[in-house]
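S.K.: Here you go, sequence then predicted model.
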Amino acid sequence: MDDNTAKVTKIIDRLREMVADADRGDIGARLDAARDRVQDPRARVVVLGQLKQGKSNLINALLNIPVCRVGDDETTSTVTMIGYGSEPAARLVVDDGTDARRIDVPMDDIRKDLSRAPAAGGARVIRLEIEVPSPLLERGLVIIDTPGSGGVGSPHAAATLGLLPAASAVLVASDVSQEYTAPEMAFIRQATELCPTALMLATKTDLYPRWRDVVAADIGHLQKIGSSLEPLPTSSALRSHAVRLKDKELNEESGFPKVLEFLGDKVLAADKQKMQEMVMTEIGSAAGHLMLAMRSELSILRDPELRKSVVAELERAKSEAKELAGRTALWQQVLGDGIADLSADSDFDLRNRFRKLTKEFEQEIDGCDPATVWEDLGTRLKDEVSAAVGDNFVWTHQRSIEVAEAVAESFAAVGDVMIPHMALASVGSEIAPVDSLVDLEQSPSGVVNKVMIGMRGSYGGMMMFGMISTLVGMSMVNPFSVLAGVMLGRKTFTEDRDARLARRRGEAKMAVRRFADDVLFEVGRESRERLRLIQRVLRDHFREIAEQTTRSLTESIQATEKAANKEVSDRETRAKMVEQQLKFLGEVHTWSGAKS
């Protein structure tokens, strides 16, 4: 703990004692939260990327500890939070349907797939938390490794995007085997809108000699979406070799010093600044509430004759505060209308995106044989569904902030009101999985199958024309009956082929609609739940502000009444104590930069 942190903690503890003496548990709870934030000023850095882009190797090389699973198959199947601990430790956070709980697991198990760990006892695994003695993490970082956006999380990119509003920064990893794909660009755009503090990493530069061409192409793609970000070439293998050999030049070539510079100068410094602003605001607010009661009390202790005028002034202020609290209908109406409109608009936006997407794929299916492009079509469908879900999530989150700002404007009478950005960013849950696209019936193949279909049609034609031929004295099998059989056989084959194609197209359209409906149902459910939680967070936050103001004024009147009824000797003793406390509160209030 540095000297500044110790000073702030000491101030909060002193305020906490004064709040406890005044029986102001409402203010104490906010001071406790501020103290926790000071004691744990960790910045959350989320590592994103598609499957097999080197995210886990990147984190291992960054921490110089093999803490993430690596391998040839899909390795990261669970969100993994990696923080500092003096001793290595790991635990699973699971949800059994009633509450979240933590289960300790051996460190050796972190290299296994824990998404269905036996230790969870059938409960849903939310995330894996790991603590390791890393100097980088000790500086105040938490690294969050996420499943590949093209793997476990697809088409539910919102589950990963949900981590970003509360994140301090994001690292987006993409290897240099190829330039950014369309799904990657969509995900990058969404991620940087939710968390602008981002660093693009071009990984595995040691494996691909022409990585510079790929990086140049990636820069062009980013410029097309209006981004000034540029991928930083990195190599986890070179970093590991450099650390082992203590080779400074090789370490520079790996690109990791620039990653560490980004984490230190931009992430930790900016997050510390935000934390300080939040803590100072809470300290100033607490000091202001305490000063309100003590100033009134001191006035009466020094001059009891002022009692009537002070009480009258406080009663007037109290009536104004009650009017503010009584205007609950106003700000709750703003909140209720805002959330209702947002819920309807969000649902319409999501349905409209899926409607357009479904139409586009149905038109494509009508112009081809879906059996020949089904695998590629399914991949593109998942990517575009994922992009649509992500865009809707970003849009809804931005609108929720606008609703919070609109509600805050209705509190102009009590000065600047903080918006609970962190609380808004923390709501939401993982979207339940949906079934994949079903397989289609394949078109008949092979010469034998085609011959059998043709013979089935030609047999009837030959028999019919052969019987007619016998009426004019010709044999049943003659050139005319054979020609008729061939023509009808070809017609039967063509009709069968067209019928199978039409059936496959119908099945493909139905599969696309069913898949889109399943995703729409789950995303819509999660979106409605998230908006309900946002409404509760905002309601409780602003109600607390109104109630605290009213209570502070009520406490001031009560303190005034008590001061007027004190004996002369008690007044002097109490006055000296209140003066000392007011001096401290005034200094703290000024130091915090709070408005009077």
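M.R.: It's in.
S.K.: In stretch 252-270, which residues are buried?
M.R.: 253, 254, 255, 256, 259, 262, 263, 266, 267, 268 (16 or more other Cβ atoms under 10 Å). Every residue, glycine included, has its C-beta placed from N, CA and C.
S.K.: same deal with stretch 118-138?
M.R.: Those would be 120, 123, 125-132, 134, 136-137, for stretch 118-138 by 16+ other Cβ under 10 Å.
S.K.: again, but for stretch 216-232
M.R.: Neighbour count says stretch 216-232 has 218, 219, 221, 222, 227, 229, 231, 232 buried, by 16+ other Cβ under 10 Å.
S.K.: got it, and stretch 509-523?
M.R.: Those would be 509, 511, 512, 515, 516, 518, 519, 520, 522, 523, for stretch 509-523 by 16+ other Cβ under 10 Å.
S.K.: Tabulate the CA atom coordinates of that stretch in PDB.
M.R.: C-alpha atoms of stretch 509-523 as PDB (Å, rounded to 0.1, in the frame of the first residue of the first chain):
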ATOM      1  CA  LYS A 509     -35.100 -22.300 -45.200                       C
ATOM      2  CA  MET A 510     -36.900 -24.000 -42.300                       C
ATOM      3  CA  ALA A 511     -33.500 -24.800 -40.700                       C
ATOM      4  CA  VAL A 512     -32.400 -21.100 -41.000                       C
ATOM      5  CA  ARG A 513     -35.700 -19.900 -39.600                       C
ATOM      6  CA  ARG A 514     -35.600 -22.300 -36.700                       C
ATOM      7  CA  PHE A 515     -32.000 -21.400 -35.900                       C
ATOM      8  CA  ALA A 516     -32.700 -17.700 -36.000                       C
ATOM      9  CA  ASP A 517     -35.900 -18.100 -33.900                       C
ATOM     10  CA  ASP A 518     -34.000 -20.100 -31.300                       C
ATOM     11  CA  VAL A 519     -31.300 -17.500 -31.000                       C
ATOM     12  CA  LEU A 520     -33.900 -14.700 -31.100                       C
ATOM     13  CA  PHE A 521     -35.800 -16.300 -28.200                       C
ATOM     14  CA  GLU A 522     -32.700 -16.700 -26.000                       C
ATOM     15  CA  VAL A 523     -31.200 -13.300 -26.800                       C
END
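S.K.: burial count for residue 398?
M.R.: Neighbours of residue 398 under the rule other Cβ atoms under 10 Å: 12.
S.K.: Can you verify it is assigned to a strand?
M.R.: No - per DSSP: H, G, I helix; E, B strand; the rest coil, residue 398 lies outside any strand segment and is helix.
S.K.: Was I right to think residue 66 contacts residue 56?
M.R.: No - using Cβ atoms under 8 Å, residue 66 is not in contact with residue 56; the gap is 9.4 Å.
S.K.: the more surrounded of these two?
M.R.: Each of residue 66 and residue 56 has its neighbours counted (other Cβ under 10 Å); residue 56 has more, 23 against 16.
S.K.: how about the helices in the stretch 151-300 of the chain?
M.R.: 157-161, 182-194, 211-224, 236-245, 248-254, 256-261, 269-302 (DSSP state H, counting those that start in this stretch).
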